[in-house]
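Student: All I have is the shape, not the residue letters:
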């Protein structure tokens, strides 16, 4: 299945795995982008002429027709927007890509301001009148969305004020976010001179993650992947090289971050949000109390990651882990996977669970909806874009041939099948709140992990796989909550203290991460700047706790699958197909999960501790303790 010595020095299939964005514009390229936006603006203007000032007079049937027209306009805008944004993500340095993205955003803003009246008039209706309208036939495709819009009633401004904020955002938050993406995508890490040749089998992915020689410049994602290598000297030197690469633009990124922190503070004040996270909680359909309970429950179990890191220090033969040791392989069992092998494993796992899901996964490969290789100026990390209900979703990866990359592929395709199944809900309900957005991705990743573990018979390899699985969970649950704590600190301190210096940002990052690690990991001074390449802080403030929420929910759903087997499959597919058409509590109930239960988070964290116990048992069985 996997090979430690590749037959070829590169992976041709990987290098050819680039997505085809033309379905978004039906093969019309940039001209199709302009035509759709022009059409959308014309329709929006006509819509405003027909409905502005008249929403209170509509019947349920007329409201249905209006929402159908809005859906058509939103689809046109989204097709153009995703085409521009996805093209930009694969080459942020190409001026034409940036110019197209900016043009699209400017036209989107014009359309948005034209339609602003509708939302404001809708929330101004009395509760009785709104429910009377929603009781009519044919509104299922938008009813939950319309009820959600009304939850923002206290936070919306007048129409002229909303138009000003919308138009100014184009040269405000969205511009700073784009700049951050361009700056971080351009970061190159100069690798140190190696004291020994690269490990056998390096370069299987064609990304030179392992094979890169001293003095060579590589993308940030490639350098970060080297922190998983077994050689501690290589890890230390790589971490120092990453810190050095982050230094040149650090003050610029700090200023950028400060500006966005201040911008959000202004928005929150104008919209009467009581605290920095309130807007995100509202969007996630989660109460402040439930989110606080999640965060405190996770922080209260920080001993789980600390316990693992103490054990890992013993496995690595060091007294105490350094920050650059956290991702290190616990064995020298370096297994690599060609992209073809990864594809075969993931398709087979999804198909074994559900033939319907397997067929959907296969479409991503057959229809060229994946962009996988690492390239200069390509956006880092991985994501899945829903696109629009009428076009199949898209997945971006930075594949470096490691076992963890196989699980990342499974994870992003989980998002993909979720979006694909929910497409039947239409543009208003295809996507779920962030609190449920990770359910299918983590579930799919867990299924693939189970397959890899079942086929791994050697103690060293099983230990390595269990360790990786636990560390992924720690990263998703505990590290994301620690990052939420960093955001809490920077947002509140920015409002209390004014602009935060580079040193102050580093101090707050250091403090929030140290709380999680305790005495189990020694953080270097260089680590103080590593907040500065994380995109969520910039483009999606408050986002990160949803990872912990989704991970614990998905683990609970997977545990039910282990208990009930095939019986859960149709209910699971029903939950995915429902998209965001119901509340998180209603969606969880489909698969027997009670999100309102105060003990839910404790039960989920108990599952994580069980993963830790499995890894501890594997370490004991390996005879290395």
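Tutor: The structure has been received and is ready for your questions. Please read all numbers here as calculations on a predicted model, not as lab measurements.

Student: can we go C-alpha only for contacts and neighbour counts from here?
Tutor: Noted.

Student: Please enumerate the helices of the stretch 401-550 of the chain.
Tutor: 403-422, 434-437, 439-454, 459-474, 480-497, 502-517, 536-539, 545-564 (DSSP state H, counting those that start in this stretch).

Student: And the stretch 151-300 of the chain, by the same measure?
Tutor: Going by DSSP H, counting those that start in this stretch, the stretch 151-300 of the chain shows helices at 159-169, 173-185, 220-225, 232-246, 250-270, 278-283, 288-299.

Student: Of these, which is nearest residue 509?
Tutor: In terms of Cα to Cα, the element of the helices of the stretch 151-300 of the chain nearest to residue 509 is helix 250-270, at 12.5 Å.

Student: For the most centrally placed residue in the chain, which non-adjacent residue is spatially closest?
Tutor: Taking Cα atoms, centre = their mean, the centroid of the chain lies closest to residue 383, which sits 5.9 Å from it. The shortest distance from residue 383 to any non-neighbouring residue, by Cα to Cα, 6 or more residues apart in numbering, is to residue 396 (5.3 Å).

Student: Hmm, residue 368 and the one you found touching each other?
Tutor: No - counting by Cα atoms under 8 Å, residue 396 sits too far from residue 368 to count as a contact (11.2 Å).

Student: Show me which of those two is the more surrounded one.
Tutor: It is residue 396, of residue 396 and residue 368, that has more neighbours when counted by other Cα atoms under 10 Å, with 26 against 16.

Student: Tell me what the more buried one is bridged to.
Tutor: Per DSSP bridges, the residues bridged to residue 396 are residue 371, residue 383.

Student: Next, work out how far apart residue 528 and residue 96 are.
Tutor: 35 Å (Cα to Cα, to the nearest Å).

Student: So for those two, which sits in the more crowded spot?
Tutor: Between residue 528 and residue 96, residue 528 has the larger neighbour count (other Cα under 10 Å), namely 21 against 13.

Student: show me the contacts for the more buried one.
Tutor: Residues near residue 528 by Cα atoms under 8 Å, 6 or more residues apart in numbering: 506-507, 509-510.

Student: remind me which residues of the protein are low pLDDT?
Tutor: The model of the chain has pLDDT under 70 over residues 1-9, 193-214, 333-334.

Student: go with 80
Tutor: Low-confidence segments of the chain, defined by pLDDT under 80: 1-9, 193-215, 332-335, 456-458, 598, 623-625.

Student: returning to that earlier point: what's the closest of the helices of the stretch 401-550 of the chain to residue 100?
Tutor: helix 536-539 (19.3 Å).

Student: so what does that closest one touch, helix or strand wise?
Tutor: Applying 3 or more Cα pairs under 8 Å, 6 or more residues apart in numbering; DSSP states H and E, one finds that helix 536-539 contacts helix 173-185.

Student: Tell me how far stretch 450-467 lies from the chain's centre.
Tutor: 26 Å (Cα atoms, centre = their mean, to the nearest Å).

Student: If you count neighbours, what's buried in that stretch?
Tutor: 450, 452-453, 460-467 (16 or more other Cα atoms under 10 Å).

Student: hmm, back to that, let me have the helices of the stretch 401-550 of the chain in TSV, adding distance to residue 125 as columns.
Tutor: Formatted as TSV, these follow (distance: least, Cα to Cα, whole Å):
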stretch	distance to residue 125
helix 403-422	30
helix 434-437	28
helix 439-454	35
helix 459-474	45
helix 480-497	34
helix 502-517	44
helix 536-539	32
helix 545-564	32
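
Student: Indicate which one of the ones you listed is closest to residue 352.
Tutor: The nearest among these, by Cα to Cα, is helix 439-454 at 9.6 Å.

Student: pretty sure residue 332 is in a strand, no?
Tutor: No - with DSSP: H, G, I helix; E, B strand; the rest coil as the criterion, residue 332 is assigned coil and is not in a strand.

Student: how deep is it tucked in, by neighbour count?
Tutor: 14.

Student: repeat for residue 60
Tutor: 18.

Student: show me the contacts for it.
Tutor: So residue 60 contacts 133-137 (Cα under 8 Å, 6+ apart).

Student: Now the buried members of those residues.
Tutor: Neighbour-count burial (16+ other Cα under 10 Å) is assigned, among the contacts of residue 60, to 133-134.

Student: Including secondary structure and distance to residue 300, could the contacts of residue 60 go into JSON lines?
Tutor: Formatted as JSON lines, those follow (DSSP: H, G, I helix; E, B strand; the rest coil; distance: Cα to Cα, whole Å):
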{"residue": "133", "secondary structure": "helix", "distance to residue 300": "46"}
{"residue": "134", "secondary structure": "helix", "distance to residue 300": "43"}
{"residue": "135", "secondary structure": "coil", "distance to residue 300": "45"}
{"residue": "136", "secondary structure": "coil", "distance to residue 300": "47"}
{"residue": "137", "secondary structure": "coil", "distance to residue 300": "48"}
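
Student: now for the helices of the stretch 401-550 of the chain, which one comes closest to residue 254?
Tutor: Residue 254 sits nearest to helix 502-517 of all those, at 6.1 Å, using Cα to Cα.

Student: Buried residues, that closest one. List them.
Tutor: Residues of helix 502-517 classed as buried by neighbour count (16+ other Cα under 10 Å): 502, 505-514, 516-517.
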